[in-house]
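**Student:** next one to model:
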Amino acid sequence: MPLGTLDRSAPPLFNQGMSALSKLIFFSALALFLMVADARFHIVQPVRAAIGAVLYPVQWLALKPVQMVLGGGRYLEDLQTAQSNESEARKALALQAERAGQSDTLALENARLRSLLELRASKTTPSRAAEVLYDAADPYTRKIVIDQGLTHGIVAGSPVMDERGVLGQVTQVQPFTSEITLVIDRDLSIPVQNTRTGARSVAFGDATAHGGGLELRFMQANSDVQEGDLLSTSGVDGVYPPGLPVARIDRIERRADSAFARIHCVPLAQVNAARYVLVLAPTGAPTAPKPVAAPAPASGKKKPADAKAADKKEGRAR
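**Tutor:** Coordinates of the predicted model:
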């Protein structure tokens, strides 16, 4: 077959239309036009709203399984927490009821024992509230200054406490201010009693401890003390009223080379942040003497002139 009779045109199957470059330019221009038109005239906003309205049920259905799983997990967690809180509340209520019953029983026993032994009732210690002005200027001691002094009835040796426990003792009194030595000062000591065992001891200030503390000295290594024991004033010194909380045992060091144990205590009072304090009267402070009635004149003695004149007037009247 001669070459001139051949058809050189592409068959319809391979006819591709516009070139790739022409398509790129056309769709780029269309996209640019739509972006400018949407930014200027918001012509795509209705279309976007319509598409969102149509797709919202699909989104709602797609999120429901996730929400159900998360809600079920939260429900189970809240249910477990509520059951645990209820159990703890029931335990606390039972414990409070037991303590209340024991307290009533102990109060009755205490009243019976006091009436049986004919003990006198404990009297309330006079006290006066004061405000802390500043810390003392001496860097080698632990002292504070309050705004009460001699003019307010403060006397040297008065114990001082805050809302938590014993804070210290008044060591110097000025007309309008007083200086208080804190329990953590190395020169201050307090006779204390272990509320668990009843054993008496003396607590000394230990300013070298972190934040300040106290130390029980001269305690045997095999003495019955435990961490967490509460120490209160014993009242044997005639200064501190008995039963005031002082400190709690924090650490016990028993060494094989020593017959005594080192017992570190943490004061209950806010020794580093006290703002308001209560100054108590020392238990051994002297009370004002009661007035003594004048003795009646003895018989056989000479009456005074006023008595004689009264007798004469009485005789004349008769």
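
**Student:** contacts and neighbour counts: CA atoms only from here.
**Tutor:** Noted.

**Student:** give me the most central residue, this structure.
**Tutor:** With distances taken as Cα atoms, centre = their mean, the residue of the chain nearest its centroid is Arg164 (9.1 Å).

**Student:** check the gap between the closest residue to that one other than its chain neighbours and Gly198 for me.
**Tutor:** Among residues not flanking Arg164 along the chain, Ala269 sits closest, at 5.0 Å (Cα to Cα, 6 or more residues apart in numbering). Ala269 sits 21 Å away from Gly198, going by Cα to Cα, to the nearest Å.

**Student:** pick out whichever of these two has more residues nearby.
**Tutor:** Taking neighbours as other Cα atoms under 10 Å, Ala269 and Gly198 compare with Ala269 leading, 22 against 12.

**Student:** what's near enough to touch the residue nearest to Arg164?
**Tutor:** Applying Cα atoms under 8 Å, 6 or more residues apart in numbering, we find Ala269 in contact with 161-167, 246-247.

**Student:** if any of those are buried, put those into a ChimeraX selection.
**Tutor:** Buried residues among these (16 or more other Cα atoms under 10 Å), as a ChimeraX selection:
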select :161,162,165,166,167,246,247
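
**Student:** just name the closest of the contacts of Ala269 to Leu113, please.
**Tutor:** Nearest to Leu113, judged by Cα to Cα, of those is Val246 at 27.0 Å.

**Student:** tell me if I'm right that that closest one and Ser234 touch.
**Tutor:** No. Counting by Cα atoms under 8 Å, Val246 does not reach Ser234; the two are 10.2 Å apart.

**Student:** for the two, list the residues in contact with both.
**Tutor:** Common contacts of Val246 and Ser234, defined by Cα under 8 Å, 6+ apart, comprise Val192.

**Student:** count of neighbours near Val132?
**Tutor:** Number of residues near Val132 (other Cα under 10 Å) recorded here: 19.

**Student:** secondary structure class of it, three-state.
**Tutor:** Under DSSP: H, G, I helix; E, B strand; the rest coil, the three-state class of Val132 is strand.

**Student:** any idea what it is bridged to?
**Tutor:** Ile146 (DSSP bridges).

**Student:** correct me, but it touches Ala274?
**Tutor:** Yes. Val132 lies in contact with Ala274 (Cα under 8 Å); the separation is 7.1 Å.

**Student:** what sits against the residue nearest to the centre of the chain?
**Tutor:** When contacts are counted by Cα under 8 Å, 6+ apart, Arg164 touches 245, 268-270.

**Student:** from the residues you listed, which is closest to Thr81?
**Tutor:** Closest to Thr81 out of the contacts of Arg164 is Leu268 (33.8 Å), distances taken as Cα to Cα.

**Student:** distance check, the nearest residue to that closest one once chain neighbours are set aside against Asp185.
**Tutor:** Leaving aside its chain neighbours, Leu268 sits nearest to Ala247 (5.0 Å; criterion: Cα to Cα, 6+ apart). Shown here: Ala247 relative to Asp185, a distance of 14 Å by Cα to Cα.

**Student:** next: Gln226.
**Tutor:** Taking Cα to Cα, one finds Gln226 at 24 Å from Asp185.

**Student:** the more surrounded of the two?
**Tutor:** Using other Cα under 10 Å, the more surrounded residue of Gln226 and Asp185 is Asp185, with 21 against 15.

**Student:** can I take it that the more buried one is in a strand?
**Tutor:** No. Counting by three-state DSSP, Asp185 is not part of a strand but coil.

**Student:** for it, list the residues it contacts.
**Tutor:** The contact partners of Asp185, taken as Cα under 8 Å, 6+ apart, are 141-143, 204-207.

**Student:** could you find the closest non-adjacent residue to it?
**Tutor:** In space, Asp185 comes closest to Gly205 once its chain neighbours are excluded; the distance is 4.7 Å by Cα to Cα, 6+ apart.
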